[in-house]
Each structure stands twice: as C-alpha cells, then as structure tokens.
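Engineer: Generate a structure from the sequence data that follows.
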Amino acid sequence: MFGYLRPLTAELRVKEYAYYRAVYCGVCKSMEKNVSPLLSMTLRYDFVLLVMVRMLLSGETGTLRPMRCLANPLHKKTMLADCDALRYTAHTAALLTHYGVLDNIADEHGIKRFAYRILSVPTSSMRKKALRLDPALLPLDETMHADLTALSTLEQSGEMSPDAAAEPFGHLLGIMFAHGLTETNRRIAETVGTAVGRCIYLLDAADDAPKDEVSGAYNPFVMQAKSDGISVIDYLKTHRERIENTVLLSCRSAYHALLLADGCEMHPAWSCIDNLLTLGIPHITKQILDHPGQALSKKDPSLADDSPKS
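Structural biologist: Coordinates of the predicted model:
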C-alpha cells in the first residue's frame with residue numbers, strides 16, 4: 001500500500017491524534033516483534049486504517065501502553081499493545097510486501113531489478129514466517145497472488161480504463177480487510193477494503209502519471225491522455241472533477257458500510273476513521289490534482305515534524 005490513507009490531523013482532537021499515533025507505532029512494533037524489524041521499514045499510513053477497521057468490526061479496543069522502539073530506545077512512546085488486529089496486519093503486510101517486491105522485479109530493469117532480486121530473499125522469508133505463524137492466511141496469500149497477477153496482465157495489455165485497472169487491487173484489499181471475520185462483518189470489511197483499494201490505485205496513478213509519461217511505465221491516465229492527443233497533466237486537469245468524484249464516492253461507500261457495524265460510533269477508533277474517510281482522503285486527492293506534475297510528498301504535511309514515528 002502507498003501511504004495515501006491518512007487523516008487530516010489538523011481536524012483531529014488531541015486525544016484522537018494521540019490514539020492515531022499510538023496505533024501507528026503499535027503497527028510498527030507488531031511488525032518488528034511478530035515478523036521482522038525489516039518489515040517495520042515498510043510501514044505506511046494505510047496499515048493503520050486496516051488495524052482500526054479490524055478492531056472496530058471485531059470489537060477489540062486494545063490497550064495503550066508506554067513502550068520502547070528501535071528508532072528511539074531511550075524514550076518510551078505510547079503504543080497500542082499487541083492484539084489480534086495488529087498481528088493480523090503484521091502478517092498480511094509481510095505477504096503484501098513480498099508480492100510488491102516481485103512486482104517491482106517484473107517492472108524494473110538493470111540495477112533496480114537486481115536490487116529488488118536481492119530484497120526478495122528476506123521478503124520471501126518474512127512471507128513464509130507469516131504463513132507458518134498463521135496458516136489460516138494461506139487462502140489470502142493465494143488471493144493476493146491471483147489479484148496481482150490479474151493486475152499485471154491488465155497493465156501488460158495496455159488497459160485504458162482507470163476503473164478497470166483499479167478493480168484487481170480493490171478486490172485484493174477487500175479480501176485482505178475481510179479475511180477471518182464473521183459473515184456480517186466480513187461483508188462490511190470487504191466493502192470498505194474494496195473502496196479504499198480503488199482509492200489507493202487511482203491516487204497512486206494520478207500522483208505518478210507525469211513521471212510515468214516520461215519513463216514510459218504503464219499508467220491508465222497516461223494511456224487515456226495519449227488517446228486524446230494531450231499531455232497527461234492536461235488530461236488530469238480536464239478530467240479532474242470525474243477523478244475526484246470517483247475517489248469521493250468510494251470514500252462515501254466505505255463510510256456508510258462502516259455505519260452498519262454495531263456500536264461503531266462508540267469505538268475509540270471511529271473518530272480517526274471518520275476523519276480519514278471524510279476529510280483525509282479528500283484532502284490528499286485535492287493536493288494531487290491541484291499540483292499535477294509536481295513531486296508530492298507521501299508524508300502528510302499537516303503532521304510537520306511531529307509525525308508518528310516508530
């Protein structure tokens with residue numbers, strides 16, 4: 001996942017921001033403890049949403065504790081203590097990271113491909129460890145492989161529709177969010193995961209479009225722009241409203257699905273999830289579409305130097 005699913009922290013209350021930071025650091029600690037310190041280096045904001053949705057739907061509230069981390073062992077931070085949602089996220093992150101490396105091996109050339117081949121050795125070990133610790137993840141692992149293969153096939157075929165290109169990744173995240181939950185909660189989680197998966201794919205494609213236009217890498221927005229005979233920056237400006245509305249409708253779908261969960265608004269994670277879906281993703285979408293062609297940091301600028309670090 002790519003780091004686009006984050007709240008608009010300026011609109012979070014102090015206790016909500018503290019809770020979000022605690023979950024963020026808890027994910028990092030869980031990756032380090034349950035899989036490998038190397039995996040914690042792949043931490044993205046998106047994994048925090050996965051933890052919070054899983055906790056909300058399963059009824060876990062978790063415990064916040066002061067703990068030390070590798071990044072700053074002399075100073076304790078308040079973190080979400082290890083729980084089922086954190087362990088699940090750490091294990092699924094190991095699977096997703098490995099398949100992401102394999103995808104990069106297929107896409108890159110020269111020294112970059114060689115570097116990813118080297119990196120695939122430890123990520124393969126992390127994937128195997130996650131499956132050994134939780135054999136129930138094997139069907140999810142198979143789904144990830146199938147969906148990412150389908151996505152690669154679409155990209156190689158030059159699929160021009162951004163919506164069609166986003167479908168496999170949306171399906172992957174839908175299954176990832178829902179795996180192992182009870183039937184009703186599984187349907188809610190799958191709707192949420194599918195919606196945010198589509199958001200991630202479209203935002204990443206829009207963010208990378210100018211760079212991909214230069215490099216020749218696959219990007220559905222670049223394909224559409226070439227078909228129209230215009231630059232991809234002009235395409236993004238022309239179709240800005242349609243792209244923005246697609247992302248916002250996906251956010252709304254996820255939001256209303258979560259409202260079906262029993263007692264969702266009473267869960268401590270709800271305020272952060274609410275902010276993320278109604279303010280955070282729309283904010284980053286506006287940033288990307290306001291500045292097509294400009295390098296956009298995937299670190300939320302509203303976090304400044306006080307960003308969650310683990």
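
Engineer: need the strands for this structure, in chain order.
Structural biologist: Residue ranges of the strands in the chain, as given by DSSP state E, are 64-67, 77-80.

Engineer: Of the ones you listed, which is nearest Thr184?
Structural biologist: strand 77-80 (24.8 Å; C-beta to C-beta). Placement of C-beta: from N, CA and C, glycine included.

Engineer: which residues sit against the closest one?
Structural biologist: Applying C-beta atoms under 8 Å, 6 or more residues apart in numbering, the contact partners of strand 77-80 are 18, 21-23, 25-27, 29, 51, 62-69, 86, 310.

Engineer: Can you point out the buried residues in stretch 118-132?
Structural biologist: Neighbour-count burial for stretch 118-132, counted by 16 or more other C-beta atoms under 10 Å, picks out 119-120, 123, 126-127, 129-131.

Engineer: same deal with stretch 171-178?
Structural biologist: Buried residues in stretch 171-178 (16+ other C-beta under 10 Å): 171-178.

Engineer: what are the ranges of the helices in the stretch 1-150 of the chain?
Structural biologist: 14-34, 37-40, 45-58, 84-107, 110-133, 138-156 (DSSP state H, counting those that start in this stretch).

Engineer: which of these is buried the deepest?
Structural biologist: Of the helices of the stretch 1-150 of the chain, the one with the most neighbours on average (mean count of other C-beta atoms under 10 Å) is helix 45-58, at a mean of 25.

Engineer: Just the pLDDT for the residue located most distally from the centre of the chain.
Structural biologist: In the chain, the residue that sits farthest from the middle, by C-alpha atoms, centre = their mean, is Gly229; the gap is 32.4 Å. We have a pLDDT of 95 for Gly229.

Engineer: Distance of it relative to Leu12?
Structural biologist: Computed as C-beta to C-beta, to the nearest Å, the Gly229 to Leu12 distance reads 44 Å.

Engineer: What about the closest residue to Glu11 other than its chain neighbours, how many residues nearby?
Structural biologist: Once flanking residues are discounted, Glu11 sits nearest to Leu279: 5.4 Å by C-beta to C-beta, 6 or more residues apart in numbering. When neighbours are counted by other C-beta atoms under 10 Å, Leu279 registers 17.

Engineer: Pass me the low-pLDDT residue ranges in the stretch 151-300 of the chain, would you?
Structural biologist: Applying pLDDT under 70 to the stretch 151-300 of the chain flags residues 293, 295-300.

Engineer: ranges for the helices of it?
Structural biologist: Applying DSSP H, counting those that start in this stretch to the stretch 151-300 of the chain gives helices spanning 162-178, 183-215, 220-228, 232-238, 240-258, 270-275, 281-290.

Engineer: Hmm, Arg127 and His91 touching each other?
Structural biologist: No - if you go by C-beta atoms under 8 Å, His91 and Arg127 don't touch, sitting 9.3 Å apart.

Engineer: and Asp274, what does it touch?
Structural biologist: So Asp274 contacts Tyr255 (C-beta under 8 Å, 6+ apart).

Engineer: just to revisit the earlier point, pipe the helices of the stretch 151-300 of the chain into TSV and attach distance to Gln156 per row.
Structural biologist: What follows is the helices of the stretch 151-300 of the chain, written out as TSV (distance: least, C-beta to C-beta, whole Å):
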stretch	distance to Gln156
helix 162-178	11
helix 183-215	15
helix 220-228	12
helix 232-238	20
helix 240-258	24
helix 270-275	36
helix 281-290	25
